[in-house]
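# Below are the sequence and a predicted model; questions follow.
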Amino acid sequence: MKRLHIILVLTGVLMLLPRIACAQYGEIHDTLDAAVKTDTRRIAVSLGEISANLDGVRNVVSPLGEGDPIRWAQSLPGVVTGADGSSSFFVRGGNMGNNLITLDGVPVYGYSHILGLTTIIPQDVMSSVSILKGGFEGGEGNFTAGHLRITTRDPRDDRFRMSAALNNFLASVGVETPIGKKVSFMMSGRISPLALEYRALRGILPEFLGGFDDFGAGVGDVYAKLHVETSRRSRLDASFIGSMDHYSFTAQGNAHEVMGWDNMVGTLKYHLDGRKAYTDITASVNRYSSMQQQSKEYRGEMNVLSLKSELLEYMLSFDRVRSTSQMLKVDYGAKLRYAGFAPGQVASVDNSSQTILGTGYVQARFDLKDIFSMRAAVRGHYFHNLKDDGSYADVDASASLKWNILRYLSVEASFDRMVQYYHTLEGLPIGWSLDMIVPSGNKILPELSMQGNLGLSSQIGKHSMSVGGFYKKMDNLVYYRYAQTLFNGGMAGWEEHTDMGQGISYGAELMHEYVGRDLYTRVAYTWSKTNRFGFQSVNDGGEFNARFDRRHVLNVSAQWKGISASMTLQSGHWENGAPETYPMHVPGAEWVADYYSIINNYKMPTVFRLDLGYAFSFETKKVKHDVNVGVCNVTNHFNPFMLYFDASSENWKMIALLPIFPNFSYRISF
């Protein structure tokens, strides 16, 4: 746990925090909410999907001075956040690893960036973002909770353009240019000066570094897209995104630690428009890897421990959407994935396995304008693990409808049965590189979920309102017993140290949005209850609260002209610390004791956060300037990031990372 403490303290220092709270059972938050421009169109809500354009995402008040898709999603009903300041989120009772995050339809597995502060997707390339919580599309699959869908724009082909931006933790540059009459190209690169910021602060705030002697960081990302208009009705897009997060820590006593993760995705997509149909063919290569390494001198000898994980996936998909009439559309398609997994590689132990996942689907959409709309999909899956010969054939389905029973009142309902074959052995609450992605097999069954949703929605003038309830049942949820213990020998045979159980989640969601000429407001509230049971290694199979089960979550956003404010109020969640042991000594005897004796032995305090921001733009000659300034956590409320047990003092302790601090973002484009 000392390693965690050092890393978390460093994170706080690099955020220019005035102080870091670490108190025994002390009070110490979560989620930054969105502030949306008044000239941004209202959030689009349709059949379980909530969507926003780039402006609605960019103006989220965050440590980076501007928002990202995760921060935007964390402010919506039905979404619960993890630790304060992190990019983890939980949708309708599912685990963090039950979510799907895609970029132009291709999964992104390593989306966390800068120790969880943001995502790897550059804002300059985004077109829109949406989150689906139910009534899922036919072409979606291999997840059981929520789908955060990010879409990029095509590069403009009229003239050469260039932009640059700087915020608290990132410096970026972007270019886009036409190449001939039918070809255009854009590229964006970002780099983080974390190591330079550390060295600058080292002489100013040395008391916050503790036993930290040095720190190094290599953090950055790059995105590129080539767009080709192959004919009047067809186009070809080739894109690449790569990100890297590598950190090194040198502590006193000749101890050195390295951690990091990276994700690289290459995509080739062909689109063809017909008279009554369009077709998409997509091929992609996706590589995600993570690593941990610790070097420590013990009794005169240097010990080196390491842990590595990797996922390499090849995917080919075909999708066709056909309009049979003005009211009816029929979609169908197929997707084939070949993936190699290498989770928890310890020393010379080989945990690698290869899998094949094939999916076919058919979907119908019926739309009677302004009266009734419906979508129904059936998916068939076949999964095969080549290592242990484990095979599964499953059918899942989704359906959603909206009926305008009155002029200003609609009824909405959805149903989903989903299957997931990739599992995340979740570790730390912020989703660092300890989180390993593993496949189903003979010992690990596919995860299942079945949920229903029913609600009402209304739009009257400048007001939009929705209220509804959901119920979800989850089966074969995977729990890894050693998830919070680094370099444990159990990782060499992770299948032997997993447990499967069930979960139930139910709740109510409410959202109100007002779009005026100068004033914009949004209120999102979620009441929910989520539990887990049936895990024989946890609470003897009895019921317990799920991780980050927050009973009440209230997010309020407001903007008047360029001034924005956002507030979040969330119930505290149950926490049980790290499941490890420590030695006990008394005269004449010694033994090993657990850090805790029961599950959910302490409840974290309520989360409260108030963020303020101001955005403005101006032009000088041919250069446009966009400036965002703000203050996060104006009330300096120390919200809980993590609870852990300090074996040296035999006390439970909490850590907060995000007290009050300023943020800014400055962007120029020409």
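Great, that's in hand. These figures come from a predicted structure and were not determined experimentally. Residues are numbered from 1 along each chain as shown.

# Test my guess that residue 173 contacts residue 189.
Yes - taking contact to mean Cβ atoms under 8 Å, the distance of 5.9 Å between residue 173 and residue 189 places them in contact. All C-beta spots, glycine's among them, are computed from the backbone N, C-alpha and C.

# Return every residue with contacts to both of the two.
Counting by Cβ atoms under 8 Å, 6 or more residues apart in numbering, residue 173 and residue 189 have no shared contacts at all.

# that's a strand at residue 241, yeah?
Yes - membership of residue 241 in a strand is supported by DSSP: H, G, I helix; E, B strand; the rest coil.

# Please tell me how far it sits from residue 265.
When distances are taken as Cβ to Cβ, to the nearest Å, residue 241 and residue 265 turn out to be 5 Å apart.

# Could you do residue 331 as well?
Spatial separation of residue 331 from residue 265 under the definition Cβ to Cβ is 24 Å.

# same thing with residue 53?
23 Å.

# Equivalent analysis for residue 521, please.
Relative to residue 265, residue 521 is positioned 37 Å away (criterion: Cβ to Cβ).

# now swap in residue 282 and tell me
Following Cβ to Cβ, the distance that separates residue 282 from residue 265 is 12 Å.

# Find the residues that touch each one of the two.
With Cβ under 8 Å, 6+ apart, residue 282 and residue 265 have common neighbours residue 106.

# if you skip the residues just before and after it, what's nearest to residue 103?
Ranked by Cβ to Cβ, 6 or more residues apart in numbering and with sequence neighbours excluded, the top spatial neighbour of residue 103 is residue 150, at 5.1 Å.

# in its sheet, what does the one helix or strand the one you found maps to sit against?
Secondary structure assigned from DSSP states H and E places residue 150 in strand 147-152. Strand pairing for strand 147-152, using DSSP bridges, gives strand 100-103 (parallel), strand 126-132 (antiparallel).

# Start from the N-terminal end of the stretch 401-550 of the chain and give the strands.
Secondary structure of the stretch 401-550 of the chain, counting by DSSP state E, counting those that start in this stretch: strands at 409-420, 422-425, 436-439, 447-460, 463-480, 498-515, 519-533, 544-545.

# among the ones you listed, which is nearest residue 321?
Distances from residue 321 to each of the strands of the stretch 401-550 of the chain were compared using Cβ to Cβ; the minimum, 20.2 Å, belongs to strand 409-420.

# For the closest residue to residue 544 other than its chain neighbours, grab the count of nearby residues.
Once its chain neighbours are removed from consideration, residue 544 has its nearest residue in residue 599; the separation is 4.6 Å (Cβ to Cβ, 6+ apart). Residue 599 has 17 neighbours, counted by other Cβ atoms under 10 Å.

# quick one: residue 599 from residue 316, how far?
The span separating residue 599 from residue 316 equals 44 Å under the rule Cβ to Cβ.

# do you know how far residue 543 is from residue 395?
Taken as Cβ to Cβ, the spacing of residue 543 relative to residue 395 amounts to 30 Å.

# The two: which has the busier surroundings?
Neighbour count, other Cβ under 10 Å: between residue 543 and residue 395, residue 543 has more, with 14 against 10.

# Let me see the backbone angles for that one.
Main-chain dihedrals, residue 543, degrees, to the nearest 10: phi -80, psi 140.

# of residue 331 and residue 265, who's got more company?
Per other Cβ under 10 Å, whichever of residue 331 and residue 265 has more neighbours is residue 265, with 25 against 19.

# So that one sits against residue 105, correct?
No - under the criterion of Cβ under 8 Å, residue 265 makes no contact with residue 105, lying 11.1 Å away.

# Adjacent strands (with direction) for the helix or strand hosting residue 256?
Residue 256 is part of strand 255-273, with elements assigned from DSSP H and E. Using DSSP bridges, strand 255-273 pairs in its sheet with strand 234-251 (antiparallel), strand 277-298 (antiparallel).

# mind checking how far it is from the chain centre?
15 Å (Cα atoms, centre = their mean, to the nearest Å).

# Same question for stretch 279-299.
Per Cα atoms, centre = their mean, the displacement of stretch 279-299 from the mean C-alpha position of its chain is 17 Å.

# buried sites along it?
Buried positions in stretch 279-299, judged by neighbour count with 16 or more other Cβ atoms under 10 Å: 279-282, 284, 286-294, 296.

# Of these, which is the nearest to residue 609?
Each of the buried residues of stretch 279-299 was checked against residue 609 using Cβ to Cβ; the closest is residue 290, at 29.3 Å.

# The closest one touches residue 244, doesn't it?
No - in this structure, residue 290 is not within contact of residue 244 by Cβ under 8 Å, at 11.3 Å.

# anything in contact with each of the two?
Shared contacts of residue 290 and residue 244, counting by Cβ under 8 Å, 6+ apart, come down to 260, 262.

# who touches both of residue 241 and residue 265?
With contacts taken as Cβ under 8 Å, 6+ apart, residue 241 and residue 265 have 103, 108 as neighbours in common.

# Return the helix or strand in the protein with minimum mean pLDDT.
One helix or strand of the chain scores below all others by mean pLDDT, DSSP states H and E: strand 21-24, with a mean of 34.

# Flag the shaky bits of the stretch 51-200 of the chain, pLDDT-wise.
Applying pLDDT under 70 to the predicted model, the residue ranges of the stretch 51-200 of the chain that meet it are 59, 65.

# can you give me the helices in it?
With DSSP state H, counting those that start in this stretch as the criterion, the stretch 51-200 of the chain has helices at 54-58, 69-73, 194-202.

# Dump these into CSV; add distance to residue 222 as well.
Formatted as CSV, the helices of the stretch 51-200 of the chain follow (distance: least, Cβ to Cβ, whole Å):
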stretch, distance to residue 222
helix 54-58, 19
helix 69-73, 18
helix 194-202, 17
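
# closest to residue 404 out of the ones you listed?
Across these, the minimum distance to residue 404, taken as Cβ to Cβ, is reached by helix 54-58, at 25.1 Å.

# Okay, buried residues for the closest one please.
For helix 54-58, the buried set under the neighbour-count rule, 16+ other Cβ under 10 Å, comprises 54, 56, 57, 58.

# likewise stretch 152-161?
Quick answer for stretch 152-161 (16+ other Cβ under 10 Å): 152, 155, 157.

# any idea which of the residues you listed is closest to residue 528?
Of all those, residue 528 sits closest to residue 152, with 32.4 Å by Cβ to Cβ.

# these two touch, right, residue 379 and residue 416?
No - using Cβ under 8 Å, residue 379 is not in contact with residue 416; the gap is 10.5 Å.

# which residues do these two both contact?
When contacts are counted by Cβ under 8 Å, 6+ apart, the set common to residue 379 and residue 416 consists of 396, 397, 398.
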